[in-house]
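[1] fold the following for me, if possible:
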Amino acid sequence: DSSHEHEEVLRLVDTDTTIRNLYARENEAFYDILQLQDKGELKGKISRYLTIREERIHTFRQKYGDGKTDLLKVLENYYEKVEGTARYTEARAARLLGDDDLYREYIQSLQVNMDGNEKYYRSGMAMSLIFDELNPAWKEEVFSKPESMFELLADYGRALDEQ
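    So this is what the prediction gives:
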């Protein structure tokens with residue numbers, strides 16, 4: 001049963017201390033990026049995030065194999081793209097309506113470790129907010145391209161390297 005398999009993979013992320021710690025470091029990296037005042041530091045901070053996420057995926061693959069890792073990547077991509085962009089829309093609405101406290105709560109939620117799908121709602125939101133800084137046309141791209149949001153962020157990061 002595929003839903004059982006999905007739950008099992010997501011549970012591994014939540015119960016494996018090493019993977020959890022790497023995930024927490026990813027969120028810290030996102031939080032740092034979203035606190036940035038100096039856009040000149042963006043490239044290095046994005047690179048740090050990408051490195052931590054790649055380390056987490058690599059560690060997961062070593063522990064649990066290709067099948068579970070590939071499934072995890074599909075699930076993460078789905079939740080980040082669908083639910084993460086929805087969470088982003090909520091955060092943007094709070095900001096546009098001038099509710100700075102609520103907006104800050106969305107950003108600060110990145111500092112809280114969450115179980116289940118919620119973590120991907122937050123990482124998808126964070127990537128969306130970063131995309132706002134990097135490429136105003138990202139919304140068309142994210143849903144029209146097959147790449148995950150993570151792969152798009154890596155592409156944008158490489159483009160920054162070339163500037």
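
[2] look up how far Glu141 lies from Glu7.
    31 Å (Cβ to Cβ, to the nearest Å). All C-beta spots, glycine's among them, are computed from the backbone N, C-alpha and C.

[3] ignore the last one, Gln62
    For Gln62 relative to Glu141 (Cβ to Cβ), the value is 32 Å.

[4] what's the pLDDT at the nearest residue to Asp16 once chain neighbours are set aside?
    Leaving aside its chain neighbours, Asp16 sits nearest to Lys63 (7.0 Å; criterion: Cβ to Cβ, 6 or more residues apart in numbering). As predicted, Lys63 sits at a pLDDT of 97.

[5] from the chain's centroid, how far away is the helix or strand harbouring Lys63?
    Remark: Lys63 resides in helix 42-79, with elements defined by DSSP states H and E. Distance, stretch centre to chain centre, for helix 42-79: 10 Å (Cα atoms, centre = their mean, to the nearest Å).

[6] report all helices and strands that it contacts.
    Packing contacts for helix 42-79, counted by 3 or more Cβ pairs under 8 Å, 6 or more residues apart in numbering; DSSP states H and E, involve helix 2-15, helix 17-35, helix 118-134, helix 149-162.

[7] checking Glu147 next. Helix, strand or coil?
    coil (DSSP: H, G, I helix; E, B strand; the rest coil).

[8] right, and it touches Tyr156 too?
    No: look at Glu147 against Tyr156 with Cβ atoms under 8 Å: they stay out of range, at 10.9 Å.

[9] higher neighbour count, those two?
    Neighbour count, other Cβ atoms under 10 Å: between Glu147 and Tyr156, Tyr156 has more, with 21 against 14.

[10] and the nearest residue to that one once chain neighbours are set aside, what does it touch?
    Nearest non-adjacent residue to Tyr156, counting by Cβ to Cβ, 6+ apart: Leu134, 4.6 Å away. Listed by Cβ atoms under 8 Å, 6 or more residues apart in numbering, the contact set of Leu134 reads 42, 156, 159-160.

[11] and for Ser47?
    Ser47 makes contact with Gly157, according to Cβ under 8 Å, 6+ apart.

[12] which residue packs closest to the residue positioned nearest the centre of the chain, ignoring adjacent ones?
    Nearest to the geometric centre of the chain sits Ser123, at 2.9 Å (Cα atoms, centre = their mean). Leaving aside its chain neighbours, Ser123 sits nearest to Glu80 (5.6 Å; criterion: Cβ to Cβ, 6+ apart).
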